[in-house]
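>>> Got a sequence here, can you build the structure:
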Amino acid sequence: MESMMVKLQDSKGKSGESFERIFGNQRMGALFSKLQSAVIRSGFELEKMIEEAVPDSLITTLDELEEISEDIRHKPPIQIVVKPARPDPDNTRKSIEADLLVVDNRERLFKLVEIKDGYVFDTKKADGELASLKNITSWLAQEFAYRAQYFLCAFNQDDKEIIVAGTKKRFSIDHVLTGHELCDMIGIDYDALCERREHNQSANRRYFLSELLAIPEIRSEIIELLDTLNA
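Sure, this is the predicted structure:
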């Protein structure tokens with residue numbers, strides 16, 4: 001079954017978290033914790049949807065890429081490695097991973113991509129993403145015959161200057177991608193993917209509002225506010 005935008009009602013929130021302290025209401029806090037969980041799940045779902053949209057014939061692995069040769073006549077122009085990873089040099093029990101490796105056989109070039117649903121990062125997060133991508137890119141260039149580049153894709157932002165600013169300028173404009181650019185690079189339909197992601201938005205809005213109104217004290221405050229606005 002093809003993935004779609006996550007449904008808020010299927011997400012699991014937590015009680016007793018910081019949202020309860022902010023609102024002073026346990027049920028409202030749990031609802032916003034559920035919303036936060038849905039936002040996180042949405043990012044994972046985006047990666048899954050992109051992977052599902054890539055034809056199976058283009059999917060390969062790093063082990064298969066070990067067989068790269070000078071003769072590329074029988075290779076597709078583009079191949080995709082999902083979740084490429086290298087051993088962590090600081091901890092042999094762990095690995096360092098990115099989301100996609102786009103193998104451009106014509107240009108003999110690796111394009112390592114980390115996909116993000118959002119485009120605004122704190123400094124620590126931006127530094128971490130950059131360090132990981134550089135680490136894997138350096139390893140790829142040493143292990144394989146192809147050149148290697150890295151990219152951060154902010155899928156929902158079409159202005160690359162805004163993406164650069166969102167990374168606190170840790171990533172230059174030559175190392176960021178829009179969702180359109182990534183989809184063009186790997187040959188999938190950006191508009192169709194976005195349409196599928198929008199599928200549950202109306203249901204999510206109705207669920208969120210219904211849950212708010214189901215909290216008696218919140219419902220009373222909303223009615224009071226409406227009366228004030230309509231006075």
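>>> list the buried ones in the helix or strand hosting S33?
Applying DSSP states H and E as the criterion places S33 in helix 26-53. Residues of helix 26-53 classed as buried: 27-35, 37-38, 41-42, 45-47, 49-51, 53 (neighbour count, 16 or more other CB atoms under 10 Å). (C-beta placed from N, C-alpha, C; glycine too.)
>>> Pull the contacting residues for the residue positioned nearest the centre of the chain.
Residue closest to the mean C-alpha point of the chain, counted by CA atoms, centre = their mean, is K116 at 3.2 Å. By CB atoms under 8 Å, 6 or more residues apart in numbering, the residues touching K116 are G43, L152, C153, A154, F155.
>>> one more time with 10 Å, if that's ok
43, 46-47, 99, 125, 129, 152-157, 163, 166-167, 176, 179 (CB atoms under 10 Å, 6 or more residues apart in numbering).
>>> Give me the domain ranges for the chain.
8-47+197-230, 57-187 (automatic domain parsing).
>>> In this structure F44 contacts K83, no?
No: when contacts are counted by CB atoms under 10 Å, F44 is not listed as touching K83 (11.8 Å).
>>> how near is S33 to D122?
To D122, S33 is 20 Å away according to CB to CB, to the nearest Å.
>>> beta partners of E114?
When bridges are called by DSSP bridges, E114 pairs up with L152.
>>> Surely it touches K125?
No: using CB under 10 Å, E114 makes no contact with K125, being 11.2 Å away.
>>> Please enumerate the strands of the protein.
Taking DSSP state E as the test, the strands found in the chain are 59-60, 78-82, 85-88, 91-97, 100-104, 109-116, 147-154, 176-178.
>>> Tell me which other helices or strands the fifth one touches.
Packed against strand 100-104, as judged by 3 or more CB pairs under 10 Å, 6 or more residues apart in numbering; DSSP states H and E, are the following elements: helix 26-53, helix 62-65, strand 78-82, strand 109-116, helix 123-143, strand 147-154, helix 179-186.
>>> could the ones you listed be laid out in TSV, adding mean pLDDT?
TSV is the format used below for these (pLDDT from 0 to 100):
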stretch	mean pLDDT
helix 26-53	88
helix 62-65	86
strand 78-82	95
strand 109-116	96
helix 123-143	95
strand 147-154	97
helix 179-186	96
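>>> Redo those as CSV? Include distance to K94.
Below are the helices and strands packed on strand 100-104 laid out as CSV (distance: least, CB to CB, whole Å):
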stretch, distance to K94
helix 26-53, 20
helix 62-65, 16
strand 78-82, 19
strand 109-116, 17
helix 123-143, 12
strand 147-154, 20
helix 179-186, 27
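>>> out of these, which comes closest to I218?
Nearest of the helices and strands packed on strand 100-104 to I218, taken as CB to CB: helix 26-53 at 6.0 Å.
>>> tell me how far the closest one is from the chain's mean position?
With CA atoms, centre = their mean, to the nearest Å as the basis, helix 26-53 stands 11 Å off its chain's centre.
>>> about what we covered before: what's the ChimeraX line that selects buried ones from the contacts of K116?
This is the ChimeraX syntax for the buried subset of these, where burial follows 16+ other CB under 10 Å:
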select :46,47,99,129,152,153,154,155,157,163,166,167,176,179
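>>> Relative to I80, how far out is S57?
10 Å.
>>> So those two - more neighbours on which side?
I80 (21 against 8; other CB atoms under 10 Å).
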